[in-house]
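Chemist: What would the 3D arrangement of this be:
(4 chains)
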Number of protein chains: 2
Amino acid sequence: MMRHQNTTIKDVARSLGVSVATVSRAMRDSYDVSQETREKVLRMASKLNYKPNVNAQGLASNQTYNIGIILPFITNYYFSTVITGIQEVAWSKGYNIILYVTDDSEERESSILENLSLSRLDGLLACISSHSRSCEYFQKIIDQGTPVVFFDRIPAMIKASKVMQDDSNGAFEAAEHLIHNGYKRISHISGPIGFALTENRANGYRDALKKHNLPIREEWIIHSGFSQIHGEQDVFKLLQCEQKPDAIFAVNDRKAVGAILALKKMKIKIGKEMGVIGFTNDPVCSIISPQLSTIAEPAFEIGTKSAELLIQHITKKNFPANEIVLPGKLIARESTVR
Amino acid sequence: MMRHQNTTIKDVARSLGVSVATVSRAMRDSYDVSQETREKVLRMASKLNYKPNVNAQGLASNQTYNIGIILPFITNYYFSTVITGIQEVAWSKGYNIILYVTDDSEERESSILENLSLSRLDGLLACISSHSRSCEYFQKIIDQGTPVVFFDRIPAMIKASKVMQDDSNGAFEAAEHLIHNGYKRISHISGPIGFALTENRANGYRDALKKHNLPIREEWIIHSGFSQIHGEQDVFKLLQCEQKPDAIFAVNDRKAVGAILALKKMKIKIGKEMGVIGFTNDPVCSIISPQLSTIAEPAFEIGTKSAELLIQHITKKNFPANEIVLPGKLIARESTVR
DNA sequence: GTGAAAGCGCTAACAC
DNA sequence: GTGTTAGCGCTTTCAC
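Modeler: Numbers count the residues shown, from 1 in each chain, chains lettered A, B, ... in the order given. Model (predicted):
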C-alpha cells in the first residue's frame, strides 16, 4: 500500500546544501543552530510543504505525541464534554488523541489494555468501567513506564494522578438543598458499590442528613447501575418501602431522569410529593419537565486538567502523582420545589 | 524521555534461534511460514510479552493502522453514536481511531487538516462544519493518496465515498405523517443553506406538500443553524407570520426541542395547536414532554458503514468511490397527535 | 554551529 | 520455508 511519497528531511537538506542533522535541529528549536540557518530551514520546509514523518520521529525518539483515552462510553453529556476538554488541551500542545471505548465492560477494558501497543502512546487517560475492580492491567502499563491519569471513576488501589469532581461536597449540598426546601425523608439512588465516586456521594448524603438530625434508613439507599433504566427501577423499589421517602437524591442526572419518568408514570407529583435532584447538569435537566435540580459538574475542566496533568507526566520524568478535586455547583430548578 | 525498553522482534528471534524475518512473517500470518514455526513463534512472542513497535511497522510498511475522524462536535447523540459505530468496526479490524474536533469552525477544520501529518493516518472519516464550503483542503489530502470517506454533512464538490441517511425520503415521511394526522399549514425549520443534508430534507418536505396539494409558503421555511437555540428563535419568527402554521417539521431533534420549549413558553399546546416532528431520534425525544415524534436516523450504522468503506479504500487500491444511503424510520409519538 | 554516521524496530526483496 | 540485508525517515552522539 504505497502512498505518494511526501518530501522528507533529506529533500529539505539537499535543496539547502546542509545536512539532515541541521534540518532536524532547526525544525525542533534545538538551540545549537544559528538564527540564520533556522530561518532558512523553516522557510524551505514550508515552501516544500515538508511534514515530518511521525513514525520515524517516534521510532528515533521514542515519543509519539499521541495520548490515549479509555472510557466506558462517549454517548453521554458528561463523557463527551470531558473528551472535548481533553481534545482542546491536546490540540494546543500538539498531541493527538486516540480513543478507546469499553462499552462499560471490564472484559473489553482489559482486552484493550492487554493488546495495547504502548509504542503507540505517550500516555493514557482513563475512566474505568463500572464493573472493574482490581485493574491490575493498568498497573502493568504504569510499571512499563507509560503515565496514566485517571478521571471520574478511579480505581482505589492504584497510585497515579487522579482528577475528579468534589463528589462528597456536591452530594452534601444536594441533600442539604432538599432539606432546606422542607423534605424530610430523603432517599438516595446510588451507583455500584466499591467506587470512590459512589461512596463519596453516598457519604456526602449521609453527612447532610446527620447534620440535620434526619433519619438514615438503609432501605432508602439503593445501589444499582448508572443508567436511566436503573433510575426507573430504583424508584419502583423505593415505592415499595414501608415508609415512603419524600425526596430522591440521584447519583447522576441520568438516574434522576429515569426517576422522574417513573414518578410520572405513577402519577406522583414531582416537587410537591417527591423532590428529585441529580448530579452532572446534563442539558436534559432544563428540557425535562419539571426541570431538574442538580449539582453541576465541571466536565470540561475535568478534561482539561486531566490532559494537562498527563502532559506534565509525559514531559517531566518523576513528576509526582497528583490528586485534583474540582468543585461542583448547586443549580436549583423546579424538581425540588414543593 | 526514554521509557522502559520492551522486547523486540530480535529478542523473540534470538530465543528461538530463528531470524527476525521469520518472526515478522509468522506474526503477520504471511503464508510462507510453516505451521510449526508459526506456532513456536507465537508462543514465544506471547511468553516474552512481545508487542510490535507500531512506529517501526509504520515506517517500514508505510501503514499505521490509525484512522482519523474529523467532525464538528462529539457532544450530541448523533455524532457520539456515529463514533461509537466507527470505533466498533475499527477495533474489530485492528485499527485505532484518532479524533479531531472542529467545534463547527471552518477555520479550525482547515487548520487541523493543513497541519495534519498524513504519515500518522491510513485514512480519514469526515463530517464537515456547517460553515465549510469549498473544502479544498480535503481535496489536497485525497490527492496525496490518503482515502477520505465523508458522512452526514458532505461536501458537494468532492469526489469521494459518502455515507448518509436517506434525508429526502425521511423528510417526506415526516411531512406526510403530519399531513395524515390532519395538519394543513406545515412549516419547516431548516439548517444552513448549501448543505446536501439541508436541501434533501427541504426537498422531501416540499415533495410531500406538493403530493397532497398543500401550499408551500416560503415564509414558512426558515434556514438557520442546527442547534436548539436556533429552533427556539425560528419558532418566534414563525409566530410572526401573517398566516400562522399549524405544524413544524424540524431539520433535527435539537431544533425540534428548541421549538417545543419556545411553544411551551408561549403557552401554545403542542400537538393540539401545533404539531412538531424532528429528525434523528435522540433519546431526549422520549424524555421531553410531550414526547417528540421523529425520523430515526441509523447513526450507529452510519458509523459502521463509513468505517468499513474507509477500510476498503485503505486495503484495496483503486476501490471505487461509493455512495451509501441508509433508510430512516418514522417514530410517531405525542407531539404529532391533535 | 554543523556534518557524518549509527541506529531506533520493523518489513520486504532477494538469495538459497 | 527460512535467512540475509537494505532501507523506511528521523534523532542523536561524536567529531571537527
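
Chemist: okay, CA-based contacts and neighbour counts for the rest of this
Modeler: Noted.

Chemist: residues in contact with the residue in the stretch 101-250 of chain A that DNA strand D sits nearest to?
Modeler: Relative to DNA strand D, the nearest point of the stretch 101-250 of chain A is residue A:119 (13.6 Å; CA to the nearest atom of the strand). Residue A:119 makes contact with A:62, A:64, B:53-55 under the criterion CA atoms under 8 Å, 6 or more residues apart in numbering or on different chains.

Chemist: Per-residue confidence at it, what does it come out as?
Modeler: Predicted confidence (pLDDT) for residue A:119: 82.

Chemist: Distance-wise, check it relative to DNA strand C.
Modeler: In this view, residue A:119 and DNA strand C are 9 Å apart by CA to the nearest atom of the strand, to the nearest Å.

Chemist: can you tell me the helix or strand for whatever residue of the stretch 51-200 of chain A ends up closest to DNA strand C?
Modeler: Nearest residue of the stretch 51-200 of chain A to DNA strand C (CA to the nearest atom of the strand) works out as residue A:60 at 3.3 Å. In this assignment (DSSP states H and E), residue A:60 forms part of helix A:54-61.

Chemist: rewinding a little: quick check, the residue of the stretch 101-250 of chain A closest to DNA strand D in a strand?
Modeler: No - under DSSP: H, G, I helix; E, B strand; the rest coil, residue A:119 falls outside any strand and is assigned helix.

Chemist: returning to that earlier point: just checking: which of the contacts of residue A:119 also lie near DNA strand D?
Modeler: For DNA strand D, no contacts are drawn from the contacts of residue A:119 by CA under 7 Å from any atom of the strand.

Chemist: By neighbours, which of these wins?
Modeler: residue B:55 (26 neighbours; other CA atoms under 10 Å in any protein chain shown).

Chemist: I'd guessed it sits against residue A:56; true?
Modeler: Yes - Residue B:55 is within contact range of residue A:56, at 6.7 Å (criterion: CA atoms under 8 Å).

Chemist: where does the stretch 101-250 of chain A have low pLDDT?
Modeler: Nowhere does the stretch 101-250 of chain A drop to pLDDT under 70.

Chemist: near DNA strand C, which residues of it show up?
Modeler: Checking the stretch 101-250 of chain A against DNA strand C by CA under 7 Å from any atom of the strand, there are no hits.

Chemist: which residue ranges form the helices in the stretch 101-250 of chain A?
Modeler: A:106-115, A:136-143, A:167-180, A:196-211, A:228-240 (DSSP state H, counting those that start in this stretch).

Chemist: wouldn't residue A:66 be in contact with residue A:123 here?
Modeler: Yes - between residue A:66 and residue A:123 a contact is recorded at 7.4 Å, counting by CA under 8 Å.

Chemist: on that earlier part again, okay, the residue of the stretch 51-200 of chain A closest to DNA strand C: pLDDT?
Modeler: Per the predicted model, pLDDT is 92 at residue A:60.

Chemist: That one: neighbour count?
Modeler: Neighbours of residue A:60 using other CA under 10 Å come to 11.

Chemist: Start and end of stretch A:169-188, how far apart?
Modeler: Stretch A:169-188 has an end-to-end distance of 15 Å (CA to CA, to the nearest Å).

Chemist: chain center to it, what's the gap?
Modeler: 26 Å (CA atoms, centre = their mean, to the nearest Å).

Chemist: And that stretch, what's buried?
Modeler: Within stretch A:169-188, the residues scored as buried using 16 or more other CA atoms under 10 Å in any protein chain shown are A:169-179, A:183-188.

Chemist: Same check on stretch A:46-66?
Modeler: Quick answer for stretch A:46-66 (16+ other CA under 10 Å): A:50-56, A:58-59, A:62-66.

Chemist: Repeat that for stretch A:236-251.
Modeler: Residues of stretch A:236-251 classed as buried by neighbour count (16+ other CA under 10 Å): A:238, A:245-251.

Chemist: mind giving me JSON lines with those and columns for distance to residue B:155?
Modeler: Listed next are those as JSON lines, based on distance: CA to CA, whole Å:
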{"residue": "A:238", "distance to residue B:155": "53"}
{"residue": "A:245", "distance to residue B:155": "55"}
{"residue": "A:246", "distance to residue B:155": "54"}
{"residue": "A:247", "distance to residue B:155": "51"}
{"residue": "A:248", "distance to residue B:155": "49"}
{"residue": "A:249", "distance to residue B:155": "47"}
{"residue": "A:250", "distance to residue B:155": "44"}
{"residue": "A:251", "distance to residue B:155": "43"}
